[in-house]
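Please find the sequence and the predicted model below.
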Amino acid sequence: MSVLKIYNTLSRQKEVFTPIQKNTVGMYVCGMTVYDFCHIGHARVMVVFDVVARYLKHLGYDVKYVRNITDIDDKIIARANDAGEDFNQLTTRFINEMHRDEASLNVLKPDLEPLATESIDNIVTMIQTLITKDNAYMGPNGDVYYAVESFKNYGQLSGRQLDDMQAGERVEVDKNKRNPFDFVLWKSAKPDEPSWPSPWGAGRPGWHIECSAMSTCCLGNHFDIHGGGMDLQFPHHENEIAQSESATGERYVNTWMHNGFVRIDDEKMSKSLGNFFTVREVLKKYRGEEIRFFVLSSHYRSPLNYSDEQLNESRSALERLYTALRGIMPVQSTAKSDYISRFENAMNDDFNTAKAVSVLFECANEINRLRKTNINEAANRVADLLSMAQPLGLLEQNPDEYLQSSLGSDQTLSEADIDEKINQRLQAKADKNWSLADQIRDELKEQDVILEDSGSSTTWRRA
RNA sequence: GGCUGAGUGGCAGAGUGGUUAUGCAGCGGCCUGCAAAGCCGUGUACAGCGGUUCGAUUCCGCUCUCAGCCUCCA
């Protein structure tokens, strides 16, 4: 039996995972900024870290999973102004929408979901500490900045030196800063902007400080795993390390995990490029489980190319797995099967879900082989398949219901209609009226209902 | 310019110093009234050039190509 290894961005290698406190894991993931619907890139973060949390629990750890919500920032303010509504209304709406998307993707709720706007006290306290320790200063414009040169390890996570970076390449250098890479901790409010009181006047927190404050508040100064998308590596997570370690004087995070991007035509999917699909849009054509399978079909650090073709393949793949489960009740065997071991070996290797999923298919194949010859053993393998699918958050539906479910909107034939057609056809078959039987089958196929004869009975599923 | 990561069979996508990934699609067979599903079988795959090695897709070097980050971003 292998042990869990996780690729740590900080060391750029896989490391044996050892929690700070035996048997418990604290994990923080940077969540959404809630000013719009989630896109498939967000879905990837949600699903990937949901699987990490599920698998850690599967290994027996007591997991505390925290994922924050950024509910105040420039874009939120801009959107709220455009819509002529209070920023709170906007964020509340999109938090609800986000929760709906998560439910569709079978993403379990994190244990804590702190909001930036509810963490202002902690944020202010941390900024005060940073000023006291000379890691932060107030600029001429009244904003409070973190001084990157005050932190000797700045750049350790992203593997870059302050001197090597090209300040001002894309954004004009702010003259209020001592160093171009200094970043804002507290932003003073302009008239009519949402604001909170602070020792530096009314304002709002900068983006990076909220995560430092919320994570240390929820999980302690030093915790096990911190995750997020690749793009957060720099500057967001680099800045979090600087802030947190300066403020607490302790090591901040042991393991940094970053997931790869979703791409479209080999280009990063992002809001700024405008080439994104929302989860909501994709759910009109595909089941949440199909999207989830698609995400898990490649390794979390690899790029993931989005296309209908890919989603169609995920659909076929899930059909195969559910078909294997059909008609056999799981029976847990006493001995741990080889499939489970191989599955865990794959997952222990930095959550290699692509490899892990391949074990599910091999198990499905075994079930199909055994179902005619050894139903008891087949039932054991069904139990294996389900227990492997559990940490992946897959195959939780009833197989028949899954295979007979439609995506709703264009539901033309009811189950009763289908049953009636099947009965007509069974009669035709009994009469050896093959042309009528085939005609009925073809008619149903036109409506995306596929018949499968087995002996004297007929089952059906939707295409 | 600096720093990452990647190039695998028709497609997607794992992995490995010498032996089957897996899924989808294809082809042949079994099953079936015929199908569907399933089962069995089947594919001169590892960007290019050098090097190390008995042997490299797997290690090393170089080249080419692609993607990402360098204060919007999951």
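Great, that's in hand. Small disclaimer: the values here were computed from a predicted structure and weren't measured.

all contacts plus neighbour counts: C-alpha atoms, from now on.
Fine.

For the stretch 1-150 of chain A, list the residues in contact with RNA strand B, please.
Proximity of the stretch 1-150 of chain A to RNA strand B, by Cα under 7 Å from any atom of the strand, involves residues A:12, A:30-33, A:41-42, A:44-45, A:75.

hmm, which of those residues are the buried ones?
Listed as buried from those are A:30-33, A:41-42, A:44-45; burial here means 16 or more other Cα atoms under 10 Å.

In chain A, what residue lies closest to RNA strand B?
RNA strand B sits closest to A:Gly229 of chain A, with a gap of 2.4 Å, by Cα to the nearest atom of the strand.

circling back to that earlier point, so which of the buried ones among the residues of the stretch 1-150 of chain A next to RNA strand B belong to strands?
Using DSSP state E, no member of these falls in strands.

Turn those residues into TSV, columns for distance to A:Pro391 and pLDDT.
Below are these laid out as TSV (distance: Cα to Cα, whole Å; pLDDT from 0 to 100):
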residue	distance to A:Pro391	pLDDT
A:Cys30	21	96
A:Gly31	21	95
A:Met32	23	95
A:Thr33	27	96
A:Gly41	21	95
A:His42	20	96
A:Arg44	16	97
A:Val45	16	97
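
tell me the two of these that are most distant?
In these, two members sit farther apart than any others by Cα to Cα. They are A:Thr33 and A:Arg44, at 15.1 Å.

correct me, but the residue of chain A closest to RNA strand B touches A:Lys268?
No. Look at A:Gly229 against A:Lys268 with Cα atoms under 8 Å: they stay out of range, at 11.9 Å.

Between the two, which contacts overlap?
Each of A:Phe261 lies in contact with both A:Gly229 and A:Lys268 under the rule Cα atoms under 8 Å, 6 or more residues apart in numbering.

Can you give me the domain assignment for chain A?
When chain A is parsed with automatic domain parsing, its domains come out as A:5-259, A:307-403, A:415-462.

quick one: stretch A:21-28 to chain centroid distance?
Relative to the centre of its chain, stretch A:21-28 is centred 19 Å away, using Cα atoms, centre = their mean, to the nearest Å.

Who is A:Ile225 paired with across the strands?
A:Met27, A:Thr255 (DSSP bridges).

pLDDT weak spots in chain A?
A:1, A:166-171, A:408-411 (pLDDT under 70).

rewinding a little: tell me how far the residue of chain A closest to RNA strand B lies from A:Glu415.
For A:Gly229, the distance to A:Glu415 equals 43 Å [Cα to Cα, to the nearest Å].

Of the two, give the one with the bigger neighbour count.
Neighbour count, other Cα atoms under 10 Å: between A:Gly229 and A:Glu415, A:Gly229 has more, with 20 against 12.

what's near enough to touch the more buried one?
If you count contacts by Cα under 8 Å, 6+ apart, then A:Gly229 has A:45, A:258-261 around it.

Looking at the residues you listed, spot the one nearest A:Ile20.
Nearest to A:Ile20 among the contacts of A:Gly229, counting by Cα to Cα, is A:His258 at 20.2 Å.

Sticking with that closest one, tell me its helix or strand.
Using DSSP states H and E, A:His258 maps to strand A:253-259.

who does that strand touch, helix- and strand-wise?
Helices and strands touching strand A:253-259, by 3 or more Cα pairs under 8 Å, 6 or more residues apart in numbering; DSSP states H and E, are strand A:5-8, strand A:223-229.

and the angle from that strand to strand A:223-229?
Here strand A:253-259 points in a direction 20 degrees away from that of strand A:223-229 (axes from the mean of the first three to the mean of the last three Cα atoms, to 10 degrees).

Just the C-alpha atoms of strand A:253-259, please, in CSV.
Extracted in CSV, the C-alpha atoms of strand A:253-259 (Å, rounded to 0.1, in the frame of the first residue of the first chain):
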residue,chain,number,x,y,z
VAL,A,253,1.3,26.7,4.6
ASN,A,254,3.0,23.3,4.2
THR,A,255,1.6,22.2,0.8
TRP,A,256,0.6,24.5,-2.0
MET,A,257,-1.6,22.9,-4.7
HIS,A,258,-2.5,24.6,-8.0
ASN,A,259,-4.8,23.2,-10.6
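
Quick check: buried residues in stretch A:79-90?
Buried, per 16+ other Cα under 10 Å, within stretch A:79-90: A:79-80, A:87-88, A:90.

which SSE is A:Leu185 in?
strand A:183-188.

which helices and strands sit right next to that strand?
Helices and strands touching strand A:183-188, by 3+ Cα pairs under 8 Å, 6+ apart, are strand A:144-146, strand A:203-205, helix A:207-219.

right, is that strand up against RNA strand B?
Yes. Remark: strand A:183-188 sits within contact range of RNA strand B at A:Phe183, by Cα under 7 Å from any atom of the strand.

What pairs with that strand, parallel or antiparallel?
Here strand A:183-188 has these sheet partners by DSSP bridges: strand A:144-146 (antiparallel), strand A:203-205 (antiparallel).

any idea how far the first one is from the chain center?
Yep, that's strand A:144-146 we're talking about. Put simply, strand A:144-146 sits 32 Å off its chain's centre (Cα atoms, centre = their mean).

OK, contacts around the nearest residue to A:Thr33 once chain neighbours are set aside?
Excluding the flanking residues, the one nearest A:Thr33 by Cα to Cα, 6 or more residues apart in numbering is A:Thr70, at 4.6 Å. A:Thr70 sits next to A:31-34, A:115-116, A:207 when contact means Cα under 8 Å, 6+ apart.

Show me the beta-bridge partners of the residue of chain A closest to RNA strand B.
Listed beta-bridge partners, A:Gly229: A:Asn259 (assigned using DSSP bridges).

buried set for stretch A:423-439?
A:425-426, A:428-429, A:436-437.

contacts with RNA strand B among those residues, please.
Near RNA strand B, judged by Cα under 7 Å from any atom of the strand, the entries from those are A:429, A:437.

quick one, the strand holding A:His258 and helix A:207-219 angle?
Using the same axes, to 10 degrees: strand A:253-259 against helix A:207-219 is 120 degrees.
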